[in-house]
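Chemist: With the sequence up front, the predicted model follows.
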Amino acid sequence: MATTTHLCGIKTPYCFSKRAVHSQTLCLQQRLNFDRLTELCGALRVPAPSRGRGLRVVCDGSNNDVLVQSEPRSQGSEGSSNQLSCVMKFGGSSVASADRMKEVAELILSFPKENPVIVLSAMGKTTNKLIVAGEKATNCVSNVSEIEELSFVKELHYRTVDELGLDRSLIKDHLDKLERLLNGIAVLKELTPRARDYIVSFGECMSTRIFAAYLNKIGVKARQYDAFDIGFITTDDFTNADILEATYPAVAKRLHGDWISDPAIPIVTGFLGKGWRTCAVTTLGRGGSDLTATTIGKGLGLREIQVWKDVDGVLTCDPNIYPGAEPVPYLTFDEAAELAYFGAQVLHPQSMRPAREGDIPVRVKNSYNPDAPGTLITKSRDMSKAILTSIVLKRNVTMLDIVSTRMLGQFGFLAKVFSTFEDLGISVDVVATSEVSISLTLDPSKLWSRELIQQELDNVVEELEKIAKVNLLQHRSIISLIGNVQRSSLILEKVFHVLRTNGVNVQMISQGASKVNISLIVNDSESEKCVRALHSAFFEGDLADLVYMNGSPPNGS
Ligand SMILES: Nc1ncnc2c1ncn2[C@@H]1O[C@H](COP(=O)(O)OP(=O)(O)O)[C@@H](O)[C@H]1O
Ligand SMILES: N[C@@H](CC(=O)OP(=O)(O)O)C(=O)O
């Protein structure tokens, strides 16, 4: 007998089976309006099924209980048989070894009615190793074959190929070329961003070749694609390139065309593109395979984008800071984008843009625990009862306090300050202003090498000192509270209570225009403690009842 959860705050006579909703399957008695179902699932903090899955429920006439029962997938309930239906992206942790690749293959095959496009990252920590190998090559005195990271990458890939029963020739050319490239860098003693991107591209190029070959070996027709060869056109901002509009029709045409003429599961390299001027290989910023997946989803107008990770979805905070973080069942694109932008490693900062533009739902799932419902990200959700969704920490942020010397009016002052940042190509994250002063934080991702940091900061300060007194504060953290900013008074009341109790002084506070984010700036040294304290206050303490009033508490019924 399924347990039922009584809903509070929902005007309905229904009770709902939480376990049954998790199963997201069919039952053939009474149709429930999809929006109503979505609302009820929201109340239970479990993801609703996708529109079009025809989910039905049984009503118990005696007490109006509603029960959703399991039923096997029926023909045609998902993905039509002759169209590409969804994207499944698997991150480095999901394809870290031969065994993981086998499990991923099994996982894909457990959705026989789907015709997915598969996007893969490099195996495990390959990207990190390749970056270090490139850096070490610049200081290499003897042969690069002695670079430990290169040996690691070679050994990992050859071992994987062997364990999957594939031919080493599949990746030999890539590994030989990689070594020649590192030798070239050792001669030049310079690693340009362009060369760095080319080096790291070998990770995705090899993982996709191995995986496609494995699928073919087990009798599943698959075709490997390098993103830079199928229309992923980007800016030439090496290490952090942006996808250009021309990508969508080009990628759709190529993948769809090939699928129609000769159906085979497309296995596409994540993270990579081709610079539109240089025609060189570019990368989309760390974690950029998420963006590859959402770009393909939008380009092909697919039903759903799935990003498979090593966690049960987007969590209430970084599990490395607080292991008790809970999965967040629902997010809007705005919430997810804000969360990613402000540092939640789980999603690439730009990845929500194509999904939002194409209005394609994104599911964040755990490849190590596929039965967990994960997080469903959509255009809107019922925010009426939502308070706080997730807490995000961005460390090592630089903060500037800029006070006008009153040579300019307020209008001219703000304009001058922001044009200085534009001229120097520096992004600003969080801003708070008064009539004659501005406090702001600078985006650390734009300051990626140490020399550049100091030089750029010196330039900023020098420029701004022409019109203002400038105070530069380093080693700060941004704590972003993602949630319903319409309830900001309640959130702030609790936040300040928690921070005062913990003796933490907030140095700046800002409420985003997006209405989903309140940002606090604190010292780096206090930030993790703050996140833990806030997490326990919002998700485990008295307020948890309010935070969870949109549904049942995580472990209660
Ligand atoms: N709020 C959060 N929710 C979930 N995971 C988070 C969060 N913040 C940080 N993480 C970290 O992000 C990791 C998943 O992202 P990532 O490593 O990019 O996945 P993948 O490589 O599989 O695409 C998790 O293992 C977790 O440690
Ligand atoms: N391999 C790239 C791209 C990527 O998206 O990786 P992951 O999905 O493992 O975060 C990186 O490490 O940045």
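Modeler: Happy to help now that I have it. Residues are numbered from 1 along each chain as shown. Ligands and ions are numbered 1, 2, ... in the order given.
Chemist: CA only for contacts and neighbour counts going forward, please
Modeler: Noted.
Chemist: quick one, phi psi at Ala122?
Modeler: With angles defined as degrees, to the nearest 10, Ala122 sits at phi -70, psi 160.
Chemist: what about it, distance to Val132?
Modeler: Note on Ala122: its distance to Val132, by Cα to Cα, to the nearest Å, is 15 Å.
Chemist: Neighbour count: these two, which is higher?
Modeler: More neighbours surround Ala122 than the other of Ala122 and Val132, with 28 against 17 (other Cα atoms under 10 Å).
Chemist: Any residues of the stretch 251-400 of the chain in contact with ligand 2? List them.
Modeler: Applying Cα under 6 Å from any ligand atom, one finds that the stretch 251-400 of the chain approaches ligand 2 through 271, 286-290.
Chemist: Can you tell me which of those residues is closest to ligand 1?
Modeler: Checking these against ligand 1 by Cα to the nearest ligand atom gives Gly287 as the nearest, at 5.2 Å.
Chemist: and that closest one, how many neighbours?
Modeler: Close neighbours of Gly287, defined as other Cα under 10 Å, add up to 21.
Chemist: And for Lys385?
Modeler: Lys385 sits with 17 neighbouring residues when counted by other Cα under 10 Å.
Chemist: For it, give me the pLDDT.
Modeler: Turning to Lys385, the model gives it a pLDDT of 81.
Chemist: before we move on, what SS does it have?
Modeler: Taken by DSSP: H, G, I helix; E, B strand; the rest coil, the conformation at Lys385 corresponds to coil.
Chemist: So what does it have for phi and psi?
Modeler: As for Lys385, its main-chain torsions (degrees, to the nearest 10) stand at phi -110, psi 0.
Chemist: what's near enough to touch Gly313?
Modeler: Applying Cα atoms under 8 Å, 6 or more residues apart in numbering to Gly313 gives the contacts 327-329, 364-366, 373-375.
Chemist: just checking, it is part of a helix?
Modeler: No: applying three-state DSSP, one finds Gly313 to be coil, outside a helix.
Chemist: Next one: it from ligand 1, what distance?
Modeler: Counting by Cα to the nearest ligand atom, to the nearest Å, the gap from Gly313 to ligand 1 is 6 Å.
Chemist: nearest spatial neighbour of that residue, skipping sequence neighbours?
Modeler: Gly374 (4.4 Å; Cα to Cα, 6 or more residues apart in numbering).
Chemist: Convert the helix or strand harbouring Arg476 to PDB, retaining C-alpha atoms only.
Modeler: Using DSSP states H and E, Arg476 sits in strand 468-483. Output in PDB follows, covering the C-alpha atoms of strand 468-483 (Å, rounded to 0.1, in the frame of the first residue of the first chain):
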ATOM      1  CA  ALA A 468      36.700  58.800  -7.000                       C
ATOM      2  CA  LYS A 469      38.300  57.400  -3.900                       C
ATOM      3  CA  VAL A 470      38.800  53.700  -4.400                       C
ATOM      4  CA  ASN A 471      39.100  51.000  -1.800                       C
ATOM      5  CA  LEU A 472      40.100  47.600  -3.100                       C
ATOM      6  CA  LEU A 473      39.000  44.600  -0.900                       C
ATOM      7  CA  GLN A 474      40.200  41.100  -1.900                       C
ATOM      8  CA  HIS A 475      39.400  37.600  -0.600                       C
ATOM      9  CA  ARG A 476      35.700  38.200  -0.300                       C
ATOM     10  CA  SER A 477      32.900  35.700  -1.100                       C
ATOM     11  CA  ILE A 478      29.500  36.200  -2.600                       C
ATOM     12  CA  ILE A 479      26.800  34.200  -0.900                       C
ATOM     13  CA  SER A 480      23.800  34.100  -3.200                       C
ATOM     14  CA  LEU A 481      20.400  33.200  -1.900                       C
ATOM     15  CA  ILE A 482      18.300  31.900  -4.800                       C
ATOM     16  CA  GLY A 483      14.600  31.900  -4.100                       C
END
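Chemist: I'd like the average pLDDT over it.
Modeler: Average pLDDT, strand 468-483: 93.
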